[in-house]
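Student: sequence and predicted model, in that order:
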Amino acid sequence: MGKSRTLFLLVALFCNSFLLQAQWTYTNGPSNNYIWGIQTIGNNIFAATVGSGVFRSTNQGLNWTSASNGITNSAVQSFTYCGNKLFVGTGWDNTNGGGVFISTNNGDNWSPSLNGKAIYALASSGNNVIAGTYHLGIYLTTDLGATWNAINNGLPLNLNYYSLAIKGNEIFVGLSNGYGIYHSTDLGANWTNVTGGLLVNNVRALAFVNNVIFAGSDGQAGVFFSTDGGTTWTHSLSGMSVYSITSSSNKIFAGTNLGVYASTDNGISWLPYTNGMASTEVGSLGVTENYLFAGTMNNGIWRRLLTDVGVVPVELTSFSIQSINGKIELQWETATETNNKGFEVQRRINNSEWTVIQFIKGKGTSIETNKYSYMDDLNNISGKSIKYRLKQIDENGEYVYSKEILVDNLGITRYQLSQNYPNPFNPNTTISYQLPQNGIVTIKVYDILGNEVKTLVNENKQAGSYNVNFDASKLSSGVYVYKITVGNFVASRKMMLLK
């Protein structure tokens, strides 16, 4: 007989930051354009627009002016800054004056460097600058743009090379059309596909954060990261397209089709930061000493104080569950709360949709420790697994989810008498039952007139799942009833013997 113990599951989620209240503000920057790139150099902020060239702000985004003198293609998609030179990548395809342009005077003037190629991505490390093109692979300059060389050994060609990340001699490139991510450890002399099992379409974003490589893809694939050079990847943000990744101090930011998301725990968990932004489709990100800038698709450039991001208005210090007599008790605790309307308790059975089972009112604003609980009765619920999560809702309607807790195999949370199998039967069948706690179990079989014909179980049993065989070889064909009694729990079912 199979047996499993009563479930006790405890999961603590420390510093699970919920959504903060500060908002984005519009910067009066270029609008009605896709802003595919943002580069910050001291107090200068540069924006790459697809159709109107380069714009520059010298006062933290309050005012913007055109800075495209010398650039021959207005479709600007990428920046990098290296050796006191600002590099910009232009062009939509390999015609109409696209290429790399360089400025040595903060964008007042630009000079051509790599001609005749549409440049989708730029990245730099030391004196090395790399450029990702439209259909022509990757190019490298080791002399700050004086000369360029193709570095495509092992790379598939005739694709879009959407994103790049470089650190020393190590390079990652993100490709289009499902070709994923390629990796080089020798400054592009050789390349290896490190996509593994990632389900990606166009890898639009790559970024080193310390020694961890982060990747973002469109097609709702989200964010992935690798701590071992791309050998393995962890999927950390899903259900959205990601176009940009950047970082500042201990904060990592992702620009997505659903707005800006941020992580303060090295990409393990993410929170949305969209409050006040009219457009949530963010194509580029940049950081200064004080601000995070977001370039949107057709709705200009927005900024937000870096100190706002990562503030913990609702700090969830623990979230746990345990099984008690066929019920699941959820317990959670907060250390601080700001404008907290409350929590939706949500449940998911097997792979069904999430459903709201209860709303628990929050404490509004509080600097004291607050404890919450909810008891979920599972006696009328069947399934192999259950997940729980909390949806914390602010007073202004914004919300964020906690991590999920899985109750696998339901952990024997209720009494249950299952239908015998097979049914009809001849002459043997199996009766299954489960106990959420220890008790004296009696299972008896009766004929249709209520006469007892056999006792199958009459003994003390520990909590768990059990199977008992019923041999009816000495009985006549007909309908029989089997009945279980455990304390106050009584249940019965019918079965049919056919000989």
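Tutor: On my side now, so go ahead.
Student: any idea how far residue 186 is from residue 213?
Tutor: Distance of residue 213 to residue 186, given as C-beta to C-beta, to the nearest Å: 16 Å. Backbone N, C-alpha and C define where each C-beta goes, glycine included.
Student: these two: who's more crowded?
Tutor: Higher neighbour count among residue 213 and residue 186: residue 213, with 25 against 12, using other C-beta atoms under 10 Å.
Student: hmm, residue 232 and the more buried one touching each other?
Tutor: No - using C-beta atoms under 8 Å, residue 213 is not in contact with residue 232; the gap is 11.4 Å.
Student: how close does the nearest residue to residue 152 once chain neighbours are set aside sit to residue 35?
Tutor: Sequence neighbours aside, residue 137 is the residue nearest to residue 152 in space, at 3.8 Å (criterion: C-beta to C-beta, 6 or more residues apart in numbering). Noted for residue 137: a distance of 26 Å to residue 35, by C-beta to C-beta.
Student: show me what the strand or helix carrying residue 490 is packed up against.
Tutor: For residue 490, the host element (DSSP states H and E) is strand 489-497. Under the contact definition 3 or more C-beta pairs under 8 Å, 6 or more residues apart in numbering; DSSP states H and E, strand 489-497 sits against strand 416-417, strand 478-486.
Student: for the ones you listed, which has the smallest mean pLDDT value?
Tutor: Lowest mean pLDDT within the helices and strands packed on strand 489-497: strand 416-417, at a mean of 88.
Student: how far off centre is the very next helix or strand once past it?
Tutor: Once the chain leaves strand 416-417, the next helix or strand it forms, by DSSP H and E, is strand 428-435. Its chain's C-alpha centre and that of strand 428-435 lie 42 Å apart, by C-alpha atoms, centre = their mean, to the nearest Å.
Student: and strand 428-435, C-alpha only, in CSV?
Tutor: C-alpha atoms of strand 428-435 as CSV (Å, rounded to 0.1, in the frame of the first residue of the first chain):
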residue,chain,number,x,y,z
ASN,A,428,-11.3,-8.5,-7.5
THR,A,429,-11.2,-4.7,-7.3
THR,A,430,-9.1,-2.1,-5.5
ILE,A,431,-10.5,0.5,-3.1
SER,A,432,-8.4,3.6,-2.4
TYR,A,433,-8.7,6.1,0.4
GLN,A,434,-6.6,8.8,2.0
LEU,A,435,-6.3,10.3,5.5
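Student: so who does the nearest residue to residue 191 once chain neighbours are set aside touch?
Tutor: Nearest non-adjacent residue to residue 191, counting by C-beta to C-beta, 6+ apart: residue 154, 3.7 Å away. Applying C-beta atoms under 8 Å, 6 or more residues apart in numbering to residue 154 gives the contacts 182, 190, 191, 192.
Student: three-state assignment of the first one?
Tutor: In this case it means residue 182. strand (DSSP: H, G, I helix; E, B strand; the rest coil).
Student: surely it meets residue 193?
Tutor: Yes - at 5.6 Å, residue 182 and residue 193 qualify as touching, with contact defined as C-beta under 8 Å.
Student: give me the more crowded residue out of these two.
Tutor: Per other C-beta under 10 Å, whichever of residue 182 and residue 193 has more neighbours is residue 182, with 24 against 15.
Student: partners of the more buried one in the sheet?
Tutor: On the basis of DSSP bridges, residue 182 is bridged to residue 173, residue 193.
Student: pLDDT wise, what is it at?
Tutor: According to the predicted model, the pLDDT of residue 182 comes to 97.
Student: show me what contacts it?
Tutor: Each residue near residue 182 by C-beta under 8 Å, 6+ apart is listed here: 154, 155, 172, 173, 175, 191, 192, 193, 194.
Student: once you drop chain neighbours, what's closest to the fifth one?
Tutor: The shortest distance from residue 175 to any residue other than its chain neighbours is 5.1 Å, reached at residue 159 (C-beta to C-beta, 6+ apart).
Student: didn't residue 32 look like it was pressed against residue 279?
Tutor: No - the pair residue 32 / residue 279 is not scored as a contact, 11.3 Å apart, by C-beta under 8 Å.
Student: what is in contact with the two at once?
Tutor: residue 298.
Student: contact partners for the residue nearest the centre of the chain?
Tutor: With distances taken as C-alpha atoms, centre = their mean, the residue of the chain nearest its centroid is residue 237 (1.7 Å). Residues near residue 237 by C-beta under 8 Å, 6+ apart: 222, 223, 254, 261, 263, 267, 270.
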